[in-house]
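J.: I need the structure of the sequence given here:
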Amino acid sequence: MLEPLFESPAKGKILLYIHTHGESYAREIARDLGLYLRAVQYQLLKLEHGGVLYSKLKGKVRLFGINPRYPFKKELEALLDKALSFVPERERGKLWSPRLRPRRTGKPL
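T.: Residues are numbered from 1 along each chain as shown. Presented below is the predicted three-dimensional model:
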């Protein structure tokens, strides 16, 4: 659905995934969406260089999220919300699948 706008089916799925999960890393996105890791990494880097996404290192993992300083952030999120309403139910589970383990918060127990 977002392929004509975002030039690739993978880019639209990645943006929807990050929109629903907040932050995520490339291997998790590739695993949950059934995409090749290299394709996900390539699209994440393109979106980061365009200013749409930000990345930060957390330990050895690079997390990606929607850049809060992106000038069209509200419009992009509204578009992604609208696109989610058209995603078929069987594919929606991939986008909203809960994490198996919660992320570490960095706080000692």
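J.: Can you tell me which residue sits nearest the middle of the chain?
T.: Centroid-nearest residue in the chain: residue 18, 2.4 Å away (criterion: Cα atoms, centre = their mean).
J.: Now do the same for that one: helix, strand or coil?
T.: The local conformation at residue 18, judged by DSSP: H, G, I helix; E, B strand; the rest coil, is helix.
J.: Show the contacting residues for residue 39.
T.: 10, 30 (Cβ atoms under 8 Å, 6 or more residues apart in numbering). Every C-beta, even on glycine, is put in place using the N, C-alpha and C of the backbone.
J.: and if we set it to 7 Å?
T.: residue 10 (Cβ atoms under 7 Å, 6 or more residues apart in numbering).
J.: Now it: which helix or strand?
T.: Assigned by DSSP states H and E, residue 39 falls within helix 37-49.
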